[in-house]
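Asker: here is a sequence with its predicted model. Questions after.
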Amino acid sequence: METAEACWAKAEAAREGGRFGEAIASYCQTLALVPGFAAGHANLSLVLQLLGALPVALAPLRRAAALDPGHALIACNLGGVLLGLGAGGAEAAFRRALALDPAMVPAWLNLGAVRQASVRLAEAAAATARALSLDPRHAGAWSNLGLFRLEAGEAEGALSAFRHAVDRGRSPEAHANLIGALRLVDGIGAEDELSECRRFAALHAPPVPAAPRRDPDPERRLKVGYVGADAFRLHTAATSLLPLVEAHDPAQVEIVCYSDVPHDAADHVTQRFSRAASLVPTAGLSHRDLARRIRADGVDILVDVIGYPRGSRLLALAERPAPVQVNLLLMGSFGLDAVGFAIGDDVLTPPGMEAAFSEQLLRIDLAFVYEPLLAAPDVGERSPGPVVFGSFNQAAKLSPRCIATWARILARLPGSRLVLRARSYADAAVAGRVEKTFAAHGIASSRLELRSWAGADYLEAYRDIDIALDPFPYGGVITSCEALWMGTPVIGLEGDRVLGRYGAAFLRTLGLADLAASDTSAYVEAAVALACDPRRLAQLRASLRARMSASRLCDGKKFAREIEAAYRTMWRSAIASRNIAS
């Protein structure tokens, strides 16, 4: 019979060699001989964690912590498993680890993550700052700090943290976060965004390989692939992508959707995608393996609808797995040479914006479509009284210029109030900072109501406001559609970047161009004029949902026909330039 020492040695060698099944068996043999061996329980848990079996990994780690309560790393690992499971006790475990070893950087970082999950954003940033005081070059800590600052509404502070993260590491995720933060900061133009996107490509994307060969028949049925990370479930991008996929003409296109939605996270939206198209599960695939799968599937046109936000698959597109690749549901340019086309329209991408795109711009009637994916409550009537403005956008979208403009509106209408709603307002420090900023413009906190997200009743909250104010420079997209769907007119600003022009595009489509202002002074005047017209407000509240339903904004079939025509134009262009076959 083998000794405990021999079993332990075999287990450690198997773990280090990646032979996890063998490692588990040997750890179990070790523990059968020495049940009180804390390191044995801890390393068994580690292997189970590496296999993704967090629920099973918890019990041996709890046992290890009980056997060796003075081991800081075991306490930290226990906190990590509890955090991953969303279970209670994670913060206490990290605090225990830090009491044992105050210089443990991972424990400080994880403590920050626990605090962020419970919307204690200032405390999360403080914990992360402590980690950075111990390791100032920790790129992951800088990236986390950027995320916490971003949710707290500190876009410029987040941008600075992300720059530090990119300078100290080669993380494409941190660089993607940096690009996202750029879009929230005033004074940064679309060309500046493009420059940073090109820098991302230079640092993280491989040289563009040759496109795969395809049958160069210009009129044949095309195989179109959609890449959208986790957009194939209840997700903001799905409100536009799902009606497009469902309305595609199967005589013209065959649709394949590459979905990173885990099996246990699939929902009714995922089911609709699976009925409308071939839904390929890709969660866990590396970018390179995803590109290989797409290439092997013979996709002619590959369309990315996510871009740089969380879950980005742009590095798969950088491998050029399809001969024609497209940027759809625009947030801005991708900056990748491998992506040849972007689909816009005359409002989102007006003439002259070509300089802000590495892609060739093709314009359709409206480069967006909206379908509510959850049942919406009835609009309801507003009670008479002073006008109530509102914005349900994330706090980071409220730039200093935006707050100053909204304060001007409130000052013009002394009885009016403003309701703001975002998850981060559950943090008293975040809410207090917003109130202080308005106070600097002469607006008392009594005229503000800051609500945190609570439950699924957010659409019903539109019954409490009369007019939605679109923030800038990064405006609302789905939030604007939801407001309009709930009968709440939106005041929009035609900004200097794509993400500052969606509100204007929607309003023009609905015949409400007078609510889409060209500058902040016109924005104030539009808001005041509408607030002083209760008859029009009542008419809009009663008619907006029907107006939207009958408009191009909610016409998935027309959107699909326009998109298919654009794909055909791209395909013919690629054939003409000999990018399809030699």
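Answerer: Received, thanks.
Asker: packing partners of the longest helix along the chain?
Answerer: Looking across the chain with DSSP state H, the single longest helix is helix 556-576. Helix 556-576 is packed against strand 222-227, helix 238-247, strand 301-304, strand 324-327, strand 341-344, strand 360-363, with contacts defined by 3 or more C-beta pairs under 8 Å, 6 or more residues apart in numbering; DSSP states H and E. Heads up, the C-betas are built off the backbone N, CA and C, glycines and all.
Asker: among these, which is nearest residue 403?
Answerer: helix 238-247 (27.8 Å; C-beta to C-beta).
Asker: next, the angle from whichever helix or strand comes after that closest one to helix 238-247.
Answerer: Sequence order places strand 253-259 as the next helix or strand after helix 238-247, per DSSP states H and E. Angle of strand 253-259 versus helix 238-247, following axes from the mean of the first three to the mean of the last three C-alpha atoms, to 10 degrees, is 140 degrees.
Asker: against which helices or strands is strand 253-259 packed?
Answerer: strand 222-227, helix 268-276, strand 278-281, helix 287-296.
Asker: next, format those as a markdown table and append distance to residue 361 and mean neighbour count.
Answerer: Listed next are these as a markdown table, based on distance: least, C-beta to C-beta, whole Å; neighbours: other C-beta atoms under 10 Å:
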| stretch | distance to residue 361 | mean neighbour count |
| --- | --- | --- |
| strand 222-227 | 19 | 24 |
| helix 268-276 | 28 | 17 |
| strand 278-281 | 29 | 17 |
| helix 287-296 | 24 | 18 |
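Asker: please name whichever of those is nearest to residue 127.
Answerer: So among these, helix 287-296 is nearest, using C-beta to C-beta, at 31.2 Å.
Asker: run through who's touching the closest one.
Answerer: 212, 225, 227, 258, 280, 282, 285, 302, 313, 315-322 (C-beta atoms under 8 Å, 6 or more residues apart in numbering).
Asker: got it, and stretch 119-126?
Answerer: 112-116, 145, 148-149, 151-152, 423-424, 426-427, 429-430, 452.
Asker: can I get the helices and strands packed on helix 556-576 in a markdown table including mean pLDDT and distance to residue 484?
Answerer: Compiled in a markdown table, those are given as follows (pLDDT from 0 to 100; distance: least, C-beta to C-beta, whole Å):
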| stretch | mean pLDDT | distance to residue 484 |
| --- | --- | --- |
| strand 222-227 | 98 | 26 |
| helix 238-247 | 98 | 13 |
| strand 301-304 | 98 | 26 |
| strand 324-327 | 98 | 25 |
| strand 341-344 | 98 | 21 |
| strand 360-363 | 98 | 23 |
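Asker: which SS state does residue 389 fall under?
Answerer: strand (DSSP: H, G, I helix; E, B strand; the rest coil).
Asker: helix or strand: which one has the nearest residue to residue 88 once chain neighbours are set aside?
Answerer: With C-beta to C-beta, 6 or more residues apart in numbering as the criterion, residue 88 has its nearest non-adjacent residue at 7.2 Å, and that residue is residue 82. Using DSSP H and E, residue 82 falls within helix 72-85.
Asker: show me which residues of that helix are buried.
Answerer: 72-84 (16 or more other C-beta atoms under 10 Å).
Asker: ok, stretch 44-53 next?
Answerer: Buried residues in stretch 44-53, counted by 16+ other C-beta under 10 Å: 44, 45, 46, 47, 48, 49.
Asker: give me the contact list for that stretch.
Answerer: 15, 20, 23-24, 27-28, 31, 54, 56-58, 60-61, 64, 77, 80-81.
Asker: over to stretch 164-173?
Answerer: 137-140, 142-143, 146, 174-175, 177-178, 200, 203-204, 310, 312, 315.
Asker: weed out the non-buried ones from the residues you listed.
Answerer: 138-140, 142-143, 146, 174-175, 177-178, 200, 204, 312, 315.
Asker: out of these, list just those in helices.
Answerer: Those of the buried ones among the contacts of stretch 164-173 lying in helices (DSSP H): 139, 140, 142, 143, 146, 174, 175, 177, 178, 200, 204, 315.
Asker: what's the farthest-apart pair in the residues you listed?
Answerer: 142 and 315 (20.9 Å).
Asker: what's the neighbour count on residue 496?
Answerer: 16 (other C-beta atoms under 10 Å).
Asker: for the ones in helices among the buried ones among the contacts of stretch 164-173, which one is nearest residue 357?
Answerer: Distances from residue 357 to those, taken by C-beta to C-beta, are shortest for residue 200, at 14.8 Å.
Asker: how about residue 335: what's its closest non-neighbour residue?
Answerer: Nearest to residue 335 is residue 197, by C-beta to C-beta, 6+ apart, at 2.6 Å.
Asker: roughly how far apart are the one you found and residue 266?
Answerer: Shown here: residue 197 relative to residue 266, a distance of 32 Å by C-beta to C-beta, to the nearest Å.
Asker: these two: who's more crowded?
Answerer: Per other C-beta under 10 Å, whichever of residue 197 and residue 266 has more neighbours is residue 197, with 25 against 17.
Asker: report the separation between that one and residue 327.
Answerer: Distance from residue 197 to residue 327, by C-beta to C-beta: 11 Å.
Asker: tell me the domain boundaries of the chain?
Answerer: Segmentation of the chain into domains, based on automatic domain parsing, reads 4-173, 222-369+560-576, 388-554.
Asker: of the ones you listed, which is nearest residue 380?
Answerer: domain 388-554 (4.7 Å).
Asker: next one: the closest one to chain centre, how far?
Answerer: 21 Å (C-alpha atoms, centre = their mean, to the nearest Å).
Asker: quickly find the element holding residue 163.
Answerer: Using DSSP H and E, residue 163 falls in helix 155-168.
Asker: now that helix: mean pLDDT?
Answerer: The average pLDDT within helix 155-168 is 96.
Asker: okay, buried residues for it please.
Answerer: In helix 155-168, counting by 16+ other C-beta under 10 Å, buried: 155-166, 168.
Asker: one more: stretch 501-520?
Answerer: Quick answer for stretch 501-520 (16+ other C-beta under 10 Å): 501-510, 512, 515-517, 520.
Asker: what is the nearest of those residues to residue 356?
Answerer: residue 501 (11.8 Å).
Asker: any idea how many residues pack against residue 325?
Answerer: 26.
Asker: who's in contact with it?
Answerer: Applying C-beta under 8 Å, 6+ apart, we find residue 325 in contact with 301, 302, 303, 304, 317, 338, 339, 340, 341.
Asker: isn't residue 438 right up against residue 403?
Answerer: Yes. If you go by C-beta atoms under 8 Å, residue 438 and residue 403 touch, sitting 6.3 Å apart.
Asker: would you list every one of the helices in the stretch 401-550 of the chain?
Answerer: 428-440, 478-485, 502-509, 520-531, 534-549 (DSSP state H, counting those that start in this stretch).
Asker: among these, which is the most enclosed?
Answerer: Most buried of the helices of the stretch 401-550 of the chain, by mean neighbour count (mean count of other C-beta atoms under 10 Å): helix 502-509, with a mean of 26.
Asker: what packs against it?
Answerer: By 3+ C-beta pairs under 8 Å, 6+ apart, helix 502-509 packs against helix 478-485, strand 490-493, strand 516-517.
Asker: picking up where we left off before, can you name the two of the buried residues of stretch 44-53 that are farthest apart?
Answerer: 44 and 49 (9.9 Å).
Asker: mind exporting stretch 560-572 as CSV, just the C-alpha atoms?
Answerer: C-alpha atoms of stretch 560-572 as CSV (Å, rounded to 0.1, in the frame of the first residue of the first chain):
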residue,chain,number,x,y,z
ALA,A,560,-33.9,42.8,-42.8
ARG,A,561,-34.5,43.6,-46.5
GLU,A,562,-32.3,46.7,-46.3
ILE,A,563,-29.5,44.7,-44.5
GLU,A,564,-29.7,41.9,-47.1
ALA,A,565,-29.4,44.4,-49.9
ALA,A,566,-26.3,45.9,-48.1
TYR,A,567,-24.8,42.4,-47.8
ARG,A,568,-25.4,41.8,-51.5
THR,A,569,-23.6,45.1,-52.3
MET,A,570,-20.7,44.1,-50.1
TRP,A,571,-20.5,40.7,-51.7
ARG,A,572,-20.4,42.1,-55.2
